[in-house]
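[1] Here's my sequence, what's the structure:
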Amino acid sequence: MAERISDLSANLDSQLKNKVKSFVTFSVALAESTDISDVAQLAIFIRGVDETLSVTEEFLGWLVPMMDTTTANDVFNSLVGALNRVGVDWSRAVRIATDGAPSMIGKKAGVVTKFREKVQAVSGRHEFWTFHCILHQEALCCKSLKMDHVMQVVVRTVNFIQARGLNHRQFDSLLSDKGFPYGLPYHTEVRWLSRGAC
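    Numbers count the residues shown, from 1 in each chain. All right, here's what the predicted structure looks like:
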């Protein structure tokens, strides 16, 4: 069974390498988050277009664990390693999308800056685009809608329930009685995806 899984993985990897060779241009999207065991994980996606204008979107890097630090150098080295593994032509990179973390978008030493410098050194082009990911754009739009008067009440209520053990246990019991298998998550401004869950 293990040999079969290994063969399938090698086949998929070789198919991706062949696809990457046919790309006329490609872009990269990065997402860094922390999993439940408190290990930072880096997800790397690649999107390329070939001569027939067929678009390929693939999950390039399995969740790459970042055991120590998640500085711009660490993330950039993981990104370069994943792209070199599939044999990309760096001169064909046209854009990168990331979240708004300082290590990603720092003007002097961020991942975006390092990626742009590498691409421009290889291709000689100065045309290169950077984007915030769509979820981050949605979060920015939510802030401009001025819905804080709603979220403040929700966050205060959730924090009140979560901070007191008895309230938390009673609320979990109520949820399980009503058939909801999920507990009540905290909302934090740093992890803006927690707003929807909250």
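[2] Next one, pLDDT for Ser27 please.
    pLDDT recorded at Ser27 is 90.
[3] Give the buried residues for stretch 21-28.
    Residues of stretch 21-28 classed as buried by neighbour count (16 or more other Cβ atoms under 10 Å): 23, 26-28. Just so you know, the C-beta spots here come from the backbone N, C-alpha and C atoms, and that holds for glycine as well.
[4] Out of those residues, flag the one nearest to Ile105.
    Val28 (14.1 Å; Cβ to Cβ).
[5] Could you list every helix and strand in contact with the host helix or strand of that closest one?
    Taking DSSP states H and E as the criterion, the element that holds Val28 is strand 25-34. Here strand 25-34 touches strand 40-49, helix 72-86, strand 93-98, going by 3 or more Cβ pairs under 8 Å, 6 or more residues apart in numbering; DSSP states H and E.
[6] Convert that strand to CSV, retaining C-alpha atoms only.
    Provided in CSV are the C-alpha atoms of strand 25-34 (Å, rounded to 0.1, in the frame of the first residue of the first chain):
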residue,chain,number,x,y,z
THR,A,25,3.5,33.0,-17.0
PHE,A,26,2.8,32.0,-13.5
SER,A,27,1.8,33.5,-10.2
VAL,A,28,2.2,32.4,-6.6
ALA,A,29,-0.1,32.7,-3.6
LEU,A,30,1.1,32.2,0.0
ALA,A,31,-0.9,31.7,3.2
GLU,A,32,0.8,31.2,6.6
SER,A,33,-1.2,30.1,9.6
THR,A,34,-0.8,28.2,12.8
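[7] contacts for that strand?
    20, 40-49, 60, 66, 70, 75, 79, 83, 88, 92-99, 101, 104, 111, 115, 133 (Cβ atoms under 8 Å, 6 or more residues apart in numbering).
[8] angle of that strand against strand 40-49?
    Calculated by axes from the mean of the first three to the mean of the last three Cα atoms, to 10 degrees, strand 25-34 forms an angle of 160 degrees with strand 40-49.
[9] quick one: strands adjacent to strand 25-34?
    strand 40-49 (antiparallel), strand 93-98 (parallel) (DSSP bridges).
[10] Give me whichever of these is most buried.
    Of all those, strand 93-98 has the most neighbours on average by mean count of other Cβ atoms under 10 Å, namely a mean of 21.
[11] quick one, what contacts the nearest residue to Trp129 once chain neighbours are set aside?
    Leaving out its chain neighbours, the residue that sits closest to Trp129 by Cβ to Cβ, 6 or more residues apart in numbering is Arg95, at 4.0 Å. Counting by Cβ under 8 Å, 6+ apart, Arg95 touches 27-28, 128-131.
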